[in-house]
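**Q** Make a model of this:
(one chain, ligands or ions: 1)
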Amino acid sequence: MKIADFRSDTVTRPTQAMREVMSAADVGDDVYEDDPTVNELQNVAANLTGKECALFTASGTMSNAIAMKVHANPGDQVLMDEESHSMVYEVGLPATIAQVLTRQFHSVNGVPDTATIAAWLHAETLHTPRTSLVILENTHNRAGGTVIPLGVCKEVYETAKMDGAAVHLDGARIFNASVASGKTVRQYADYADSITFCLSKGLGCPVGSVLCGSSGFITRARRVRKMLGGGMRQAGILAAAGLYALKNNVSRLADDHRRAKLLAGAFLDTATIKPVVVNPETNMVYFNTNLPAQEVCSHLAENHNVLCNPTALHTLRMVTHLDIDDEAIEMAISALRAVCK
Ligand SMILES: Cc1ncc(COP(=O)(O)O)c(C=O)c1O
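**A** Here you go, the predicted model:
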């Protein structure tokens, strides 16, 4: 029985071809920087993003934690979106691990207001903390997988630089942003001091993210990664999946975006369920539902083999990915029609 799993693009399982390159990977002890496959992945990532160096990390959350700890001292102010992953889903790590003061800006469809950021950037005085970091998220998950336009990234970067603050880009899904916008990952990375992207989401790997930045930043990042318990040994087995994904799984993200549009587009005229973003740019579809979203998700799972998660009382999220084909989209559309009558 087919199960259509829309809970996240993290649910993909490695394909046979990916498993084969993983099992054949040349490996060494990466804490000694001896793993040739990890080194190759880091070089490829640094080239892709136009940064001097890169570091393989266990997850996007770990990359964001490292970036905060390297760019900011305890007590510094870090500006981030009130709905960002770092703010909402990282178990309070800005406060606990990075020990920073967060100031959260509001964005419209995931796009921040540069004037607010400019107003909140300040140097250390007798009274105020230094603002050392601005974090952007592109694509923006909770805003519906929206793309922050390159022009806004540039504006935020230039604003931050005027006050000596760093910019970290949580580009967990920057390849989705790139495929949707036609801009290169490097163009987005040009307006950030550090960028992380996830291999374990739309790119279909079982594990891993890559954090990229200057050579000085990565030297410090490597120590923080070790401190967080993220020094891995024969990690080339995982890095091989990343290299495979960067070669084979990027351009196909356009299929995920096409399917997300199909899914949202099927409910434009339905009174009981409405897409929050009518024409999603990437691979996320959020629906507002008349029935409680938890109830809708339970019915979909129990009676229709369609899995998704509520994100608020009357909102649920469906994410397209490598393991969602056209048949799964049809399953989801007819199941939502049956449940949200
Ligand atoms: C925008 C964003 N950043 C970071 C992360 C964290 O990634 P991980 O699950 O690898 O820790 C996620 C995960 O969904 C995310 O959506």
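**Q** okay, now the residue in the stretch 101-250 of the chain that the ligand sits nearest to: neighbour count?
**A** For the stretch 101-250 of the chain, the residue closest to the ligand is residue 172, as judged by C-beta to the nearest ligand atom, at 3.5 Å. Yep, even glycine has a C-beta here, placed from its N, CA and C like the rest. Neighbours of residue 172 under the rule other C-beta atoms under 10 Å: 26.
**Q** So residue 281, which state does it fall into?
**A** The three-state label given to residue 281 by DSSP: H, G, I helix; E, B strand; the rest coil is coil.
**Q** any idea of the pLDDT on it?
**A** Looking at residue 281, its pLDDT is 98.
**Q** which phi and psi does it have?
**A** phi -80, psi -30 (degrees, to the nearest 10).
**Q** residues in contact with it?
**A** 139, 144, 145, 146, 147, 180, 181, 257 (C-beta atoms under 8 Å, 6 or more residues apart in numbering).
**Q** What separation do you get for whichever residue of the stretch 1-150 of the chain sits closest to the ligand and residue 74?
**A** Ranked by C-beta to the nearest ligand atom, the top residue of the stretch 1-150 of the chain for proximity to the ligand is residue 60, at 2.6 Å. Applying C-beta to C-beta, to the nearest Å, the value for residue 60 to residue 74 is 22 Å.
**Q** Have a look at those two and say which one is more surrounded.
**A** Set residue 60 next to residue 74 and count neighbours by other C-beta under 10 Å: residue 60 wins out with 27 against 10.
**Q** so where do the helices sit in the stretch 101-250 of the chain?
**A** Under the criterion DSSP state H, counting those that start in this stretch, helices of the stretch 101-250 of the chain are mapped to 114-120, 150-162, 174-181, 185-189, 215-227, 236-248.
**Q** residues in the protein within reach of the ligand, list them.
**A** Within the chain, the residues that sit near the ligand (C-beta under 6 Å from any ligand atom) are 59, 60, 61, 85, 137, 141, 170, 172, 198, 200, 209.
**Q** got a winner among these for most neighbours?
**A** Neighbours here mean other C-beta under 10 Å. Within these, the largest count is held by residue 170, at 31 neighbours.
**Q** Quick check: chain neighbours aside, which residue is closest to residue 61?
**A** If the residues on either side of it in the chain are set aside, residue 61 comes closest to residue 90, at 5.3 Å by C-beta to C-beta, 6 or more residues apart in numbering.
**Q** circling back: which pair in the contacts of residue 281 spans the largest distance?
**A** 144 and 181 (15.0 Å; C-beta to C-beta).
**Q** Name the residue in the two with the higher neighbour count.
**A** Between residue 144 and residue 181, counting by other C-beta under 10 Å, residue 144 is the more crowded of the two (22 against 18).
**Q** That one reaches residue 283, doesn't it?
**A** No - with contacts counted by C-beta atoms under 8 Å, residue 144 stays clear of residue 283, the gap being 10.2 Å.
**Q** how about the strands of the stretch 1-150 of the chain, start to end?
**A** Using DSSP state E, counting those that start in this stretch, the strands of the stretch 1-150 of the chain run over 4-5, 53-57, 77-81, 101-105, 107-108, 111-112, 131-137.
**Q** how about JSON lines for those strands, with distance to residue 223 and mean pLDDT added?
**A** Formatted as JSON lines, those follow (distance: least, C-beta to C-beta, whole Å; pLDDT from 0 to 100):
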{"stretch": "strand 4-5", "distance to residue 223": "38", "mean pLDDT": "98"}
{"stretch": "strand 53-57", "distance to residue 223": "11", "mean pLDDT": "98"}
{"stretch": "strand 77-81", "distance to residue 223": "20", "mean pLDDT": "98"}
{"stretch": "strand 101-105", "distance to residue 223": "23", "mean pLDDT": "98"}
{"stretch": "strand 107-108", "distance to residue 223": "32", "mean pLDDT": "96"}
{"stretch": "strand 111-112", "distance to residue 223": "30", "mean pLDDT": "97"}
{"stretch": "strand 131-137", "distance to residue 223": "18", "mean pLDDT": "98"}
